[in-house]
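Chemist: give me coordinates for this.
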Amino acid sequence: MNNGTPEHTGQRPEQWLMGEARQVRGPLLVAIGCAFAAGLLVILQARLLASACHRVVIGGAGGESVLPLATAVAAVALGRGVLALVSERRSAAAAARLKERVRSALYRRLLALGPAGRAGEETGPLVEAVTAGVEGLEPYVARFLPHLALAALLPAAVLFVVVPAEWRAGLVLLFSAPFIPLFMVLIGRGSESLNRRQWGRLSRLAGHLLDLVQGLPDLKLFGAVKREAEAVARVSEEYRQATMAVLRIAFLSAFTLEFFATVGTAVVAVVVGFRLLSGSLGLVDGLFVLLLAPEFYLPLRTLGLSYHARMQGVAAAERLTPLMSLPLPHGGMDGLPIPPGAPAIRFEGVSFRYGGERGGVEGIDLELPAGSITALAGRSGAGKTTLVRLLVGLARPVQGRITVNGIDLGLVQPDAWRSTIAWVPQRPFFFRATIRENLLLGRPDASDDDIRAALDAATATPFIQRLPQGLETLLGDRGAGLSGGELRRLALARAFVRRATLVVLDEPTAGLDPENERLVGDALDRIAAGRTVLVISHREETIRRAGRVAVLAGGTIEGIMGAEAFLAQEGPA
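Modeler: Numbering: from 1, shown residues only. The predicted model follows:
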């Protein structure tokens, strides 16, 4: 990965993670170098301490004679502290740079993909991956990788100085050392699956909480808040217990590593003791070896203790790599332009499934002639909204294709296609801003004449004139201050201002009284002039205004007929 885009489709998560770590190898190498230098100072410090003890115990020297050695020990300790501080800061800087790089690349990729490229990805788990998932990479870079390098370097350096002083103790260290990483791997394999399972639980919990927050008004309406709160408490308790299970294995791992390090140090102490008793080993070398024995095992123990950081990083990478490997849209800036005028649209064998399994449409063949009004009718869940999402580019067909004036929609410039569309949902969204600012969202450079013409066409001028401040009236959140019918007409006016050539409406007259329904219907007739219009509706008045009606059932087209024939045969769907 060189430019924040994955060249690694098919790579294992840890391979991808190592590739990302190579991009921050500068500060990482500085951190490892400082930590290794601090380890070498430990060897020097042990030699100085052994020499000082030898002078006091064997030579009977006073405090003045060992003062230079004590000063040197203090200076070495200070140097170790400084190097450790620099190492910590550089490893933290490397981790921060990696997180920034991955999060930025992931964010840019998700923006490039848009909703269409993330079909089946729910918002809660996606947010959890971008936030907690990226944060989970930090321990891998800041702790595991430096400790891995030190575990390979420092024990070798200790053996290099121990073997000449006491080769028997060196053999003990050499043959006991492999047991620590061996048990680290054996225990780590057992906890790795638990750690991976934890990430799955966290993703599901994030999605569940997001659904609850979004559906809180409905839960209150049906008196289900207490029941859902109990469900959240139960799921949280299950997550807590699973987390404790992972921690139990982590503590078991730490105990095992400490046990082997302690046994190894004890055996070295026994060997050194017998050698000192036999007189074949000097006190300086004996103390030197004894002081270095714990330092020999320390990098291995630290690596074992940070092994869970590796598992956490790999589990996070397993969640991130599929997102980083999602294919980018084919159109992009080099895609084909859209010819001007009302587009002629065809669905050719289009199929789509959410997450590959649930919902969607199958084998859709449908034509939207240029400049026509086509109504989509069908029961709830028939696939109407899915069809609209495919048309406006919020999802991509799994099979088949959609053509615009004979051009495959997948080859069209996404921005150019979006600029031709006006989307009027059942509940139009209005920001906390003036009416003028809300009308100019789709076309900020529109003139006052354009706004007045749009309001006239949408039959919105009368109620705008009744407002004390007219277009400068400040709306509340989601359009608070206006009725549902007035907001629908404002949404149609916004579509007029946008000058879109394709207008998609979702239940534009649902829930309106007859008068408002008539006004919105009249505005719909005006907006259809010179445009291709697709409208989802169950209302007879709206369907009657359409030239053609496509009936969906079970995700497939059940039939296409004229509006009068549809109303005569079946009535509103």
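Chemist: quick check: the gap between the residue nearest to the spatial centre of the chain and residue 323.
Modeler: Closest to where the C-alpha atoms of the chain average out (CA atoms, centre = their mean) is residue 130, at 2.4 Å. Look at residue 130 and residue 323: by CB to CB, to the nearest Å, they are 8 Å apart. Backbone N, C-alpha and C define where each C-beta goes, glycine included.
Chemist: so where does the residue nearest to the residue nearest to the centre of the chain when sequence neighbours are not counted fall, helix or strand?
Modeler: Once flanking residues are discounted, residue 130 sits nearest to residue 106: 6.0 Å by CB to CB, 6 or more residues apart in numbering. Assigned by DSSP states H and E, residue 106 belongs to helix 63-113.
Chemist: give me every residue that touches the residue nearest to residue 130.
Modeler: 130, 134, 320, 323-324 (CB atoms under 8 Å, 6 or more residues apart in numbering).
Chemist: residues shared between the contacts of residue 130 and residue 323?
Modeler: Taking CB under 8 Å, 6+ apart as the criterion, residue 130 and residue 323 both touch 106, 110.
Chemist: just checking, residue 378 touches residue 556?
Modeler: No: applying CB atoms under 8 Å as the test, residue 378 and residue 556 come out as separate, 9.9 Å apart.
Chemist: counting neighbours, go ahead and name the busier of those two.
Modeler: residue 378 (22 against 16; other CB atoms under 10 Å).
Chemist: got a pLDDT number for that one?
Modeler: On the pLDDT scale, residue 378 is placed at 78.
Chemist: residue 119 now?
Modeler: pLDDT at residue 119 comes out at 46.
Chemist: when you give positions from now on, start the count at 243
Modeler: From this message on, residue numbering opens at 243, which makes the last subject residue 361.
Chemist: all strands of the stretch 443-592 of the chain, in order?
Modeler: For the stretch 443-592 of the chain, applying DSSP state E, counting those that start in this stretch gives strands covering 587-596.
Chemist: in it, where is pLDDT below threshold?
Modeler: Along the stretch 443-592 of the chain, segments meeting pLDDT under 70 span 445, 449, 492, 569-579, 581.
Chemist: the residue nearest to the centre of the chain touches residue 349, doesn't it?
Modeler: Yes: with contacts counted by CB under 8 Å, residue 372 reaches residue 349, the gap being 7.0 Å.
Chemist: just to revisit the earlier point, by neighbours, which of the contacts of residue 348 wins?
Modeler: Busiest of the contacts of residue 348 [other CB under 10 Å] is residue 562, holding 25 neighbours.
Chemist: isn't it right next to residue 341, touching?
Modeler: No: under the criterion of CB under 8 Å, residue 562 makes no contact with residue 341, lying 11.1 Å away.
Chemist: shared neighbours of the two, anything?
Modeler: Taking CB under 8 Å, 6+ apart as the contact rule, residue 562 and residue 341 both touch 376, 379.
Chemist: restricted to helices, list the contacts of residue 348.
Modeler: 376, 562, 565-566 (DSSP state H).
Chemist: looking at those, which is nearest residue 695?
Modeler: residue 565 (44.5 Å; CB to CB).
Chemist: measure the closest one to residue 456 for me?
Modeler: Applying CB to CB, the value for residue 565 to residue 456 is 22 Å.
Chemist: also residue 262?
Modeler: Taken as CB to CB, the span from residue 262 to residue 456 is 33 Å.
Chemist: what about residue 476, neighbour count?
Modeler: For residue 476, the neighbour count with other CB under 10 Å is 10.
Chemist: same question, residue 784
Modeler: 25.
Chemist: element containing it?
Modeler: helix 782-786.
Chemist: and the helix or strand just after that helix, how far out from the chain's middle?
Modeler: Following helix 782-786 in sequence order, the next helix or strand is strand 790-795 (DSSP H and E). Put simply, strand 790-795 sits 38 Å off its chain's centre (CA atoms, centre = their mean, to the nearest Å).
Chemist: next one: stretch 329-347
Modeler: Centroid displacement of stretch 329-347 relative to its chain, using CA atoms, centre = their mean, is 17 Å.
Chemist: can you tell me the element residue 270 falls in?
Modeler: Using DSSP H and E, residue 270 maps to helix 267-299.
Chemist: on contacts alone, who are the packing partners of that helix?
Modeler: Contact partners of helix 267-299 among helices and strands, from 3 or more CB pairs under 8 Å, 6 or more residues apart in numbering; DSSP states H and E: helix 305-355, helix 387-407, helix 525-547.
Chemist: much appreciated, bye for now.
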